[in-house]
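Q: Pasted the sequence and its predicted model underneath.
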Amino acid sequence: MQPNKFSAVLTYKILCSDLDGTLLSTKSDVSQATISEINKIKSAVRTILVSARMPRGMRYLQRRLGIEEQPIICYNGALILDGDEIITSTEIAIDHVKEIFAMATVRQIKLGLYHNDEWYVEENTERVRKEIRYTQATPAFRDTEESILDWSNRGLGAHKIMLMGTKDTSDAIYPELEERFSNDLNLYRSNDTLIEIAPKSVSKLTAIQKLLKENETMEDVISFGDNYNDVEMIQHSGCGVAVGNARDEVKAVANFVTLPNTEDGVAVFLKEHPLL
């Protein structure tokens, strides 16, 4: 952890927070304590949610926090929305989607395909049911080939691809994907059975930078996170805060480490360090 170079009172213009494992105290919701602390600062500090989730999986949390007027950063930066307006959209090319589908089919790995608020899967598996519960979003069920054909006809690509296999099939395909797509795509092992794929040219950090106003820099940002895809954001913010359950790599670059998400780490930090 970096040296604690701040007083008890902090001055920032923007608060950016990851959701799962960070701002959310459960798998699907923010606590009343978090709502209360955000309510204290939201008129003076822009509060922007930054997640790998799709828009539908973030909007209900915006409503809970009372920050619907703020933009959201979805798919780890591949899609930035301000209300219904698309600020930036970076997609995985449909030819790459087709190739990944072919590689996954060989190993009987299923795909989840995401574009803006569209989410397509083939089967209602336990993994899919978990995501429905956690994100309050429901997919459309149809063959992946049909989804790819539809997107091809509409000139669309994917903001995110989720590969859902077993530990063995995921272990086998991951190096193949790295060898083929390392220059174009980011691969992220969510757990033993899941691989998330996103465009390489974007990140949470690049997305936040696009939302800075003319007189703002990353020094005006306080950010909260827990996982590998939060490291850049935490490292380059004026103040980066890791929750207690964060990966060691996140804690190593953070200015502060607060309590775990299940103990309202973000809310506790904001209560102990008021933002002016």
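A: Sure thing, it's come through.
Q: which residues in the stretch 1-150 of the chain form helices?
A: Secondary structure of the stretch 1-150 of the chain (DSSP state H, counting those that start in this stretch): helices at 32-41, 56-65, 94-106, 126-135, 144-154.
Q: From the chain's centroid, how far away is the fourth one?
A: Its chain's C-alpha centre and that of helix 126-135 lie 16 Å apart, by C-alpha atoms, centre = their mean, to the nearest Å.
Q: Just the C-alphas of it, formatted as CSV.
A: What follows is helix 126-135, C-alpha atoms only, in CSV (Å, rounded to 0.1, in the frame of the first residue of the first chain):
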residue,chain,number,x,y,z
GLU,A,126,-27.2,-22.6,-13.0
ARG,A,127,-24.5,-20.1,-14.0
VAL,A,128,-27.0,-18.1,-16.0
ARG,A,129,-29.6,-18.2,-13.2
LYS,A,130,-26.9,-16.8,-10.8
GLU,A,131,-26.2,-13.9,-13.1
ILE,A,132,-30.0,-13.2,-13.4
ARG,A,133,-30.2,-13.1,-9.6
TYR,A,134,-27.1,-11.0,-9.1
THR,A,135,-27.7,-8.5,-11.9
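Q: what ranges of this protein fall below the confidence cut-off?
A: Applying pLDDT under 70 to the chain picks out residues 1-9, 276.
Q: For it, which segments count as strands?
A: Remark: strands assigned in the chain by DSSP state E are 14-17, 46-50, 72-74, 79-82, 85-89, 110-115, 118-121, 140-141, 160-164, 185-189, 194-199, 221-225, 239-242, 256-257.
Q: closest one to residue 59 among those?
A: Ranking these by proximity to residue 59 (C-beta to C-beta) places strand 72-74 first, at 7.4 Å. In short, each C-beta sits where N, CA and C put it, glycine included.
Q: Residues contacting the closest one, please?
A: Identification of contacts with strand 72-74 by C-beta atoms under 8 Å, 6 or more residues apart in numbering yields 16, 48-55, 58-59, 62, 79-81, 159, 204, 207-208, 211.
Q: Can I get the buried part of the residues you listed as one ChimeraX selection?
A: Selection of buried members from the contacts of strand 72-74 for ChimeraX, criterion 16 or more other C-beta atoms under 10 Å:
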select :16,48,49,50,51,52,53,54,55,58,59,62,79,80,81,159,204,207,208,211
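Q: that older thread, columns distance to residue 175 on top of the helices of the stretch 1-150 of the chain, output as CSV?
A: Formatted as CSV, the helices of the stretch 1-150 of the chain follow (distance: least, C-beta to C-beta, whole Å):
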stretch, distance to residue 175
helix 32-41, 39
helix 56-65, 30
helix 94-106, 12
helix 126-135, 22
helix 144-154, 22
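Q: hey, which of these is tucked in deepest?
A: Comparing those by mean neighbour count (mean count of other C-beta atoms under 10 Å), helix 56-65 ranks first with a mean of 18.
Q: Name the residues that touch it?
A: By C-beta under 8 Å, 6+ apart, the residues outside helix 56-65 that reach it are 19, 23-24, 29-30, 34-35, 38-39, 42, 47, 49, 51, 68, 70, 72, 74, 117, 119, 134-137.
Q: Output the strands of the chain in TSV; the columns should cover distance to residue 175.
A: Converted to TSV, the strands of the chain look like this (distance: least, C-beta to C-beta, whole Å):
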stretch	distance to residue 175
strand 14-17	33
strand 46-50	29
strand 72-74	28
strand 79-82	28
strand 85-89	30
strand 110-115	19
strand 118-121	25
strand 140-141	31
strand 160-164	13
strand 185-189	10
strand 194-199	11
strand 221-225	27
strand 239-242	29
strand 256-257	33
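Q: can you tell which of those strands is closest to residue 264?
A: strand 221-225 (11.8 Å).
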